[in-house]
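K.L.:
pasting a predicted model and its sequence here:
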Amino acid sequence: MNIILIGGSGKIGSSLVLNLIENGYNIAIGDLDTLDINKKIETITNISDTKVFIENVDITSESQYLKWINNANDYLGKIDGAINCSYPKGKKYGLNLDQVNLDSFNENVSMHLGSYFNFLNITSSFMEKKSYKGSILCTSSIYGHIAPRFDIYDETSMTMPVEYAAIKSSINHLIKYFAKYYSGSGLRFNSVSPGGIIDGQPDNFVKAYSKHSLSKGLLDVEDIVPVMEFMISKKSSYINGQTIVVDDGFSL
């Protein structure tokens, strides 16, 4: 299978890239900076028969992404699936609610949600025009469908950004919109919503988070990647318009 993946240098994206290559997928990788993922791929052995295309792209730009997807298609051939793991954010992303003004809110929503629309819109149109069938997958979050658990951020400098909640809930609804719009086309649209992922958070946050979970608490990125591989593969052929939650029960 030939897969295109945006955000291949991020925490989830880079692990997913390695997983897909090791499982025999041909892959095109795009990100603003591809140096790190290039280095990680170089550590994989026995990939001589696997096609790997890497090119920088700004997913917030229509023209750049359209050029990139054409280049990826020229290199790989028929595209069987597309994944967006990107995380565009503005300079003032992640402030406490009382520090967020309209300009910073609009900037972050425009960059992140707008880029996911750009990905979905261009990818689906491109694949349909070429009569390609397959899976289009976006990365969402548990905070796209539940209210924030603000108590877990007590006594930390962390918060759950208001723009993040607005963006991720909108991505989940865009998935349903595109799935309905392209009904019967052979394209399917889904999102995966991870819970919190271990990333050097303070101990008191880790403990507070675990109290809302059923067994493990914060997840390793390797707990998410196999689900995403399943969702991009033909094994999930009849899952369409859905948000798949992987959170150790945190959102219950």
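P.N.:
Good, I have the coordinates. Numbering: from 1, shown residues only.
K.L.:
what's the separation between Y153 and D58?
P.N.:
Distance of Y153 to D58, computed by CB to CB, to the nearest Å: 31 Å. Every C-beta, even on glycine, is put in place using the N, C-alpha and C of the backbone.
K.L.:
part of a strand, is A28?
P.N.:
Yes - according to DSSP: H, G, I helix; E, B strand; the rest coil, A28 belongs to a strand.
K.L.:
what's the least confident helix or strand in this protein, going by average pLDDT?
P.N.:
Lowest by mean pLDDT, DSSP states H and E among the helices and strands of the chain is helix 35-42, with a mean of 91.
K.L.:
in three-state terms, label P148 for me.
P.N.:
Under three-state DSSP, P148 falls in the coil class.
K.L.:
quick check: the gap between C138 and F189.
P.N.:
From C138 over to F189 (counting by CB to CB), the distance is 8 Å.
K.L.:
flag the shaky bits of this structure, pLDDT-wise.
P.N.:
45 (pLDDT under 70).
K.L.:
regarding it, what is its longest helix?
P.N.:
Ranked by residue count under DSSP state H, the longest helix found in the chain is helix 102-129.
K.L.:
what's the first helix or strand after it?
P.N.:
Sequence-wise, the next helix or strand downstream of helix 102-129 (DSSP states H and E) is strand 134-139.
K.L.:
hmm, back to that, now what about the least confident helix or strand of the chain, what contacts it?
P.N.:
Here helix 35-42 makes contact (CB atoms under 8 Å, 6 or more residues apart in numbering) with 8-9, 13-14, 17-18, 21, 29, 31, 47, 52, 54.
K.L.:
among these, which ones are in strands?
P.N.:
29, 31, 52, 54 (DSSP state E).
K.L.:
ok, the third one - how many residues close by?
P.N.:
Using other CB atoms under 10 Å, V52 has 19 neighbouring residues.
K.L.:
quickly list what it is bridged to.
P.N.:
Per DSSP bridges, the residues bridged to V52 are I27.
K.L.:
so who does the closest residue to P148 other than its chain neighbours touch?
P.N.:
Spatial nearest neighbour of P148, excluding adjacent residues (CB to CB, 6 or more residues apart in numbering): M160 at 4.0 Å. By CB under 8 Å, 6+ apart, the contact set of M160 is 143, 148-150, 153.
K.L.:
wasn't L174 part of a helix?
P.N.:
Yes - under three-state DSSP, L174 sits within a helix.
K.L.:
burial of it, as a residue count?
P.N.:
Using other CB under 10 Å, L174 has 20 other residues around it.
K.L.:
run the chain-centre distance for the longest helix of the chain.
P.N.:
Here helix 102-129 is found 12 Å from its chain centre; the criterion is CA atoms, centre = their mean, to the nearest Å.
K.L.:
quick one on the thing from earlier: will you turn the ones in strands among the contacts of helix 35-42 into TSV that also has distance to C85?
P.N.:
Formatted as TSV, those follow (distance: CB to CB, whole Å):
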residue	distance to C85
I29	10
D31	9
V52	16
I54	15
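K.L.:
most widely separated two among those?
P.N.:
Taking CB to CB as the measure, the ones in strands among the contacts of helix 35-42 span a maximum distance of 13.6 Å, between D31 and V52.
K.L.:
where along the protein do the helices fall?
P.N.:
Secondary structure of the chain by DSSP H: the helices cover 11-22, 35-42, 62-76, 102-129, 162-181, 203-210, 225-232.
K.L.:
return the most buried member of those helices.
P.N.:
Among the helices of the chain, helix 11-22 has the highest mean neighbour count (mean count of other CB atoms under 10 Å), at a mean of 21.
K.L.:
which helices and strands sit right next to that helix?
P.N.:
Judged by 3 or more CB pairs under 8 Å, 6 or more residues apart in numbering; DSSP states H and E, the packing partners of helix 11-22 are strand 2-6, strand 26-31, helix 35-42, helix 225-232.
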